[in-house]
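Colleague: quick one, structure for this:
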Amino acid sequence: MAVQVRVKRDEIRAEAGQERPNPLREGLRQERVPDPAQTVIFGATGDLTKKKLMPALFTLFRSGQLPPGSSIVGVGRTQQSTDDFRNSMKVAITEANEEKELSLVELERFLELLYYVPMQIDNTKHYQKLAQVLDEIDKKNSGSGNKLFYMATPPSAFTIIVEQLGIAGLARETGSGWRRVVVEKPFGHDLASARELNRRLTKVFSEDQIFRIDHYLGKETVQNILVFRFANSIFEPIWSGQYIDHVQITVAEDIGVEGRGSYYEEAGALRDMVQNHALQLLCLVAMESPVGFDARSVRDEKVKVLRAVRKPKPEDVNLIAARGQYGAGWIAGKRVVDYRSEEGVSPNSTTETYAAVKLELDDWRWGGTPFYIRTGKRLPKRATEIAIEFKRPPYLSFGREALEVLDANLLVLRIQPEEGISLRFRSKVPSPGLRIRSVSMDFHYGASFGGEILDAYERLLLDCLLGDATLFTRVDEVESAWSIIDPIEEGWAMHVPDFPNYEAGTWGPKSADILLARDGRVWRQP
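Modeller: From the prediction side, this is the model:
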């Protein structure tokens, strides 16, 4: 975390009488600075590079976490010069920092690190030329030989690029520095394709060299789940099915498919969000304490959770899962079209834009405690949260007339858009009589710590350069997750859904409400 720079700024402002330094940031120092390396981005002219990767790398540069001797090499099919590439990235970074102070001097210094190589991803000779260019740039700069290859391309290009890197000798680690490859989701579209993808990746790169990125794991509140659980002795003793009634994980979006209709037609909500993001959140809530906060220890515990999940039976899918597709409706006062009218979507599409599942773990800690997961597009608001509802007291000595609200104790971990933690508990109402109501205590990251929170891609790119794989997905995690998703997809394939079945701007189909109603529960509204 780039805290030294921020602490220094706080001190300068305090001396000028502008504001006092935040005591929660006192004593923090910038420690995580990687060795110089070349970051090679395949798909350098795409939206991911422009909107996420390049702004993130610029932030690392500004904070001193992209050391001298580093370089960034864009690779793409577009025929353009390095100067053209630098100009386009200048525009992208400026747009991404519209609400922040932007130093043009810093930006120009950063742009000097950028290079561009036009090439076809399936042309072996082009990779030989790329190897020569990288060698020339490396000798000109640090000479470290370290190389990070980032796949900012469609999934169909992953194995082509990796195999060509192997042929060109760019994946081999000798005495000339490390080699790493970053792969964006989706990691296959089912268990069989995930295994095939992993087989082809590991023919060229070792598992230790492969970084499967899930940007949700880079979010500050997601990482704080482990700190909240294992660095505090308040909640861990009651963090089990003995005291927790159930857990709800919500990943809600108010946007539609945003021009990605052709991709979404192949994926759907279950594959796109539940298989990776939502199941990763479940792992962090349910896992046992790792022996250390290192990549192997943390990921070992996450895999144990996924293996403990009771595998759904295709014939029982309607009892443990619900799906939906949005129709036309209203979002933030604006009329929006139905999913089937989106660009790239079939007019008779049966792809789900909403998925809800009930999962149970067969282990000592969570046996009998359901985990409800839901995700959807065109819902009323953007919100990602984990709601942990505790069991009600077995006996109320106050008498039921004292309770105006019978809400259970609730712990909510807010992932986005406003990161924080909320705890709901019961308290006496100030009055002569004995009346009880639910009240809340709230913690907000921005209000408590101040300053800027590292963007997920900033944190994860830094971890890639450092070689820290803790927040990245291991091969057995990917395959274990697919073993949970595949039976649900198989069960859904047996029936043609009646879509659309929820209006845009609502919280999903009635079948999702029925899913919880069977257990005497209701969805929490974020």
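
Colleague: just the helices in the stretch 401-526 of the chain please.
Modeller: With DSSP state H, counting those that start in this stretch as the criterion, the stretch 401-526 of the chain has helices at 445-449, 456-466, 475-492, 510-517.

Colleague: redo these as JSON lines? Include mean pLDDT.
Modeller: Formatted as JSON lines, the helices of the stretch 401-526 of the chain follow (pLDDT from 0 to 100):
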{"stretch": "helix 445-449", "mean pLDDT": "70"}
{"stretch": "helix 456-466", "mean pLDDT": "92"}
{"stretch": "helix 475-492", "mean pLDDT": "96"}
{"stretch": "helix 510-517", "mean pLDDT": "97"}
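
Colleague: between these, which one is nearest to Ser63?
Modeller: Taking Cβ to Cβ, helix 456-466 is the member of the helices of the stretch 401-526 of the chain nearest to Ser63, at 8.6 Å. C-beta: built from backbone N, CA, C; applies to glycine.

Colleague: tell me the mean pLDDT for the helix or strand containing Ile72?
Modeller: Taking DSSP states H and E as the definition, one finds Ile72 inside strand 71-76. Taken as a whole, strand 71-76 carries a mean pLDDT of 96.

Colleague: tell me the strands beside that strand, with direction?
Modeller: The pairing partners recorded for strand 71-76 under DSSP bridges are strand 38-42 (parallel), strand 114-118 (parallel).

Colleague: middle-most residue in the protein, spatially?
Modeller: Tyr216 (1.3 Å; Cα atoms, centre = their mean).

Colleague: how many residues are close by the spatially closest residue to Asp316 that is not a sequence neighbour?
Modeller: Spatial nearest neighbour of Asp316, chain neighbours left out: Gly491 (7.3 Å); criterion: Cβ to Cβ, 6 or more residues apart in numbering. Other residues near Gly491 come to 19 when the count uses other Cβ atoms under 10 Å.

Colleague: list the contacts of Gly491.
Modeller: For Gly491, the contacting residues are Pro312, Lys313, Pro314, Glu315, Asp316, Val317, Asn318, Ala321, by Cβ atoms under 8 Å, 6 or more residues apart in numbering.

Colleague: a markdown table for the residues you listed, including pLDDT, neighbour count and distance to Phe230?
Modeller: Compiled in a markdown table, the contacts of Gly491 are given as follows (pLDDT from 0 to 100; neighbours: other Cβ atoms under 10 Å; distance: Cβ to Cβ, whole Å):
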| residue | pLDDT | neighbour count | distance to Phe230 |
| --- | --- | --- | --- |
| Pro312 | 92 | 23 | 30 |
| Lys313 | 93 | 13 | 34 |
| Pro314 | 94 | 14 | 37 |
| Glu315 | 93 | 11 | 39 |
| Asp316 | 92 | 12 | 35 |
| Val317 | 95 | 21 | 35 |
| Asn318 | 92 | 15 | 38 |
| Ala321 | 97 | 25 | 31 |
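
Colleague: and those residues, which two are the farthest apart?
Modeller: Using Cβ to Cβ, the two most remote members of the contacts of Gly491 are Glu315 and Ala321, lying 12.1 Å apart.

Colleague: next SSE after the strand holding Ile72?
Modeller: The element immediately downstream of strand 71-76 (helix or strand, assigned by DSSP H and E) is helix 82-96.

Colleague: what does that following helix contact?
Modeller: Contacts for helix 82-96 (Cβ under 8 Å, 6+ apart): 44-45, 49-51, 54-55, 58, 74, 80, 102, 107, 110-111, 114-116.

Colleague: if we go to 10 Å?
Modeller: The set of residues external to helix 82-96 that reach it, using Cβ atoms under 10 Å, 6 or more residues apart in numbering, is 44-45, 47, 49-59, 72-74, 76, 78, 80-81, 102, 104, 107-108, 110-118, 455.

Colleague: over to stretch 191-198?
Modeller: Applying Cβ under 10 Å, 6+ apart, the external contacts of stretch 191-198 come out as 155, 158-159, 162, 183, 186-189, 207, 210, 212, 275, 474-476, 478-487.

Colleague: from those residues, keep the buried residues only.
Modeller: Among the contacts of stretch 191-198, the ones that count as buried by 16 or more other Cβ atoms under 10 Å are 155, 158-159, 162, 183, 186-189, 210, 212, 275, 474-476, 478-487.

Colleague: what's the closest of the strands paired with strand 71-76 to Glu342?
Modeller: Of all the strands paired with strand 71-76, strand 38-42 sits nearest to Glu342, with 27.8 Å by Cβ to Cβ.

Colleague: what angle sits between the closest one and helix 456-466?
Modeller: 130 degrees (axes from the mean of the first three to the mean of the last three Cα atoms, to 10 degrees).

Colleague: so how far is whichever helix or strand comes after strand 38-42 off the chain centroid?
Modeller: Per DSSP H and E, the first helix or strand lying C-terminal to strand 38-42 is helix 47-48. Taking Cα atoms, centre = their mean, to the nearest Å, the mean C-alpha location of helix 47-48 is offset from the chain mean by 16 Å.

Colleague: kindly report the same for stretch 353-373.
Modeller: Its chain's C-alpha centre and that of stretch 353-373 lie 20 Å apart, by Cα atoms, centre = their mean.
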